[in-house]
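S.K.: show me how the following folds:
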Amino acid sequence: MRSGRRGFTLIELLVVIAIVAVLIGLLLPAVMKVRESASRTQCQNNLRQLGLALHLHESVKLYYPPGLMTDQTVMSDAEATGFTQLLPFIEQDNTHRMYSFDDPWWLPANFAAVATEVPLFYCPSNRAGGSIALDSVAAQWNMALPPSAAGMDYAFCKGANAAIHRRWEKVPAQTRGMFGIRSRDEKGTFRREITDGMSSTMAIGEAAGGNPFYLVRDLANPGVPAINPFLGLPVPIDQSWGAAGVTDESHPWYGSVFAVTAQYGLPADPRDEPMNRRPTTPTIWGQDPKGDNAAGKDLVSGFRSLHPSGCNFLFMDGSVRFIAQTIQPATYRALSTIAGDEIIGLEY
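M.R.: You can find the predicted model right below:
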C-alpha cells in the first residue's frame, strides 16, 4: 500500500528557508539590543564598584588617590597609577600584595602584577580581557619593560586640561579634574576641594581600549590614523591599569590612565576633546614649557566607548550616568572639573 505522505518539494523548502531567514533578520536586532543593554548595565556596575573603591580609599586615608604618581621630571617615566591604590578595595588583595610600591611599575619586581588582568577593568561591550605587548616598545626605547601590561577600559577624569607636568598646581584651577599627577609621597584630592558638588563632578569614565574601532590619530593629520613605522600598521588606542608612563611625540600610540574633555579648557579656544572621537587622540608628554598647556604641546586622550552614541561615567557621589556624545561642549567641560564654579543645567 502506498503511503499518503510525500516529501517537501524544492519550492516548499525554499519558502521555509526564506521564512526562517526573515525571522532571523527580525529577531537578530532585538537579540543584539538585549545583549548590548546587558553589557551596558554590567559596565555601569563596574563603575559603581570603582566608585565604592574610591570612597573606601578616602574613608581609610582621608583623600582620593592621585591619577599618576612619580618623582621623575620625565613624565614618560611615571612610576605608579591610582588604580594600583584601589586594588585592595576591589577584592584584588593578591595582586596588591604582588605589587612592589617601593619600585616603579617597569622593574622586574612588578612584572607579574602589571601583567595581571583584572575583570572589573574591562567593559563587556568592548572585551572580556586583553593586554598590551611591550616587547617591541622595549626594543624601540632600548630599555627593559614587562613582557606585557594588562589593559583596561576606564580612565580617571583629569578635567578640561591636558597639561602633563610634575607640578600639578600649574594646571589652571578652574580646569582641574579629580585626578592629576603627584609625587609618590603626596596626597591626592581632598573632599573639601570638590566645590562644584559631588553629583556634578566626574570621577571615572569609559576609555575603550584594544579595539580597531578606535585607532590612534596621526598628530600631523588628525583625520587619519597614525601608522606605527616599526610595525607598518595603524594602532588601536589602549592603556593599562599598571603602566603609569605616558608616551612622547615619537611614540604616539598610548592612552594612559587619564582622559579629558578639553586640551586647554579656557577661552578663547578651549580645544575641546569630544567624546568618542575617531581617530583617537593619544596621551602625549610634549614638555609644555609653562605646565598649563597653553602652548598645546601636551595631549590627553578623550573618553570613548563601544556603547551607541555615548559613554558611562562615574560621578563623585557614586552615581553612574550614561551621557550622550551630543552633550554641549561647555556642559561636558563643566562636569569634568572639580572647582570651575559653573552652573550646570539639566540638558545632559
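
S.K.: could you say which helix or strand holds F111?
M.R.: Counting by DSSP states H and E, the element that carries F111 is helix 111-114.

S.K.: and that helix, what does it pack against?
M.R.: In terms of contacts (3 or more Cβ pairs under 8 Å, 6 or more residues apart in numbering; DSSP states H and E), helix 111-114 is packed against helix 93-98. Every C-beta, even on glycine, is put in place using the N, C-alpha and C of the backbone.

S.K.: returning to that earlier point: chain center to the helix holding F111: distance?
M.R.: Helix 111-114 has its C-alpha centroid displaced from the chain centroid by 20 Å (Cα atoms, centre = their mean, to the nearest Å).

S.K.: so what's the model's average confidence on that helix?
M.R.: On average, the pLDDT along helix 111-114 is 96.

S.K.: next secondary structure after that helix?
M.R.: Next element after helix 111-114 (DSSP H and E): strand 131-133.

S.K.: describe which strands that following strand pairs with in its sheet and in which direction.
M.R.: Take DSSP bridges as the rule and strand 131-133 pairs in its sheet with strand 148-150 (antiparallel).

S.K.: now do the buried residues in the partner strand.
M.R.: S148, A149, A150 (16 or more other Cβ atoms under 10 Å).

S.K.: now swap in stretch 39-58 and tell me
M.R.: Within stretch 39-58, judged by 16+ other Cβ under 10 Å, the buried ones are 39-40, 43-44, 46-47, 49-51, 53-55, 57-58.

S.K.: farthest-apart pair in the residues you listed, please.
M.R.: Checked with Cβ to Cβ, the buried residues of stretch 39-58 reach their widest spread between S39 and E58, with 29.2 Å between them.

S.K.: ok, which stretches of the stretch 1-150 of the chain are strands?
M.R.: For the stretch 1-150 of the chain, applying DSSP state E, counting those that start in this stretch gives strands covering 68-69, 80-81, 131-133, 148-150.

S.K.: what's the mean pLDDT across the next helix or strand after the last one?
M.R.: To tie it back to what came earlier, the one meant is strand 148-150. Proceeding N to C from strand 148-150, the next assigned helix or strand is strand 154-159, under DSSP H and E. In this model, strand 154-159 has an average pLDDT of 98.

S.K.: with stretch 67-85 instead?
M.R.: On average, stretch 67-85 scores 90.

S.K.: cool, and stretch 278-287?
M.R.: pLDDT averaged over stretch 278-287 gives 95.

S.K.: ok so, going back, nearest to I338, out of the strands of the stretch 1-150 of the chain?
M.R.: Short answer: strand 68-69, nearest of the strands of the stretch 1-150 of the chain by Cβ to Cβ, at 16.8 Å.

S.K.: what helices or strands is that closest one leaning on?
M.R.: Under the contact criterion of 3+ Cβ pairs under 8 Å, 6+ apart, strand 68-69 touches strand 80-81, strand 181-182.

S.K.: what does the helix or strand bottoming out on mean pLDDT in the chain contact?
M.R.: Ranking every helix and strand in the chain by mean pLDDT, DSSP states H and E puts helix 135-141 at the bottom, with a mean of 77. Residues from elsewhere that reach helix 135-141 (Cβ atoms under 8 Å, 6 or more residues apart in numbering): A144, L145, P147, F230, L231, H251.

S.K.: stretch 78-92 now?
M.R.: 49-50, 52-54, 56-57, 65-72, 93, 95-96, 99, 101, 104-105, 116, 118, 120-121, 152, 156, 179, 181, 184, 188, 241-246, 257.

S.K.: how far does the least confident helix or strand of the chain sit from its chain's centre?
M.R.: Taking Cα atoms, centre = their mean, one finds the center of helix 135-141 at 23 Å from the center of the full chain.

S.K.: from S200, how far off is H307?
M.R.: Distance of H307 to S200, given as Cβ to Cβ, to the nearest Å: 22 Å.

S.K.: the more surrounded of these two?
M.R.: The residue with more neighbours, out of H307 and S200, is H307; 22 against 18, by other Cβ atoms under 10 Å.

S.K.: looking at it, P252 is touching V216, isn't it?
M.R.: Yes - under the criterion of Cβ atoms under 8 Å, P252 makes contact with V216 at 6.5 Å.

S.K.: all the helices of the stretch 201-348 of the chain, residue numbers only.
M.R.: Taking DSSP state H, counting those that start in this stretch as the criterion, the stretch 201-348 of the chain carries its helices at 329-336.

S.K.: under the pLDDT cut-off, which ranges of it? List them.
M.R.: Counting by pLDDT under 70, the ranges of the stretch 201-348 of the chain that qualify are 346-348.

S.K.: about what we covered before: among the contacts of helix 135-141, who's most crowded?
M.R.: Neighbour-wise, the contacts of helix 135-141 (other Cβ under 10 Å) top out at L145, 20 neighbours.

S.K.: okay but T331 is in contact with I343, surely?
M.R.: No - at 10.0 Å, T331 and I343 do not qualify as touching, with contact defined as Cβ under 8 Å.
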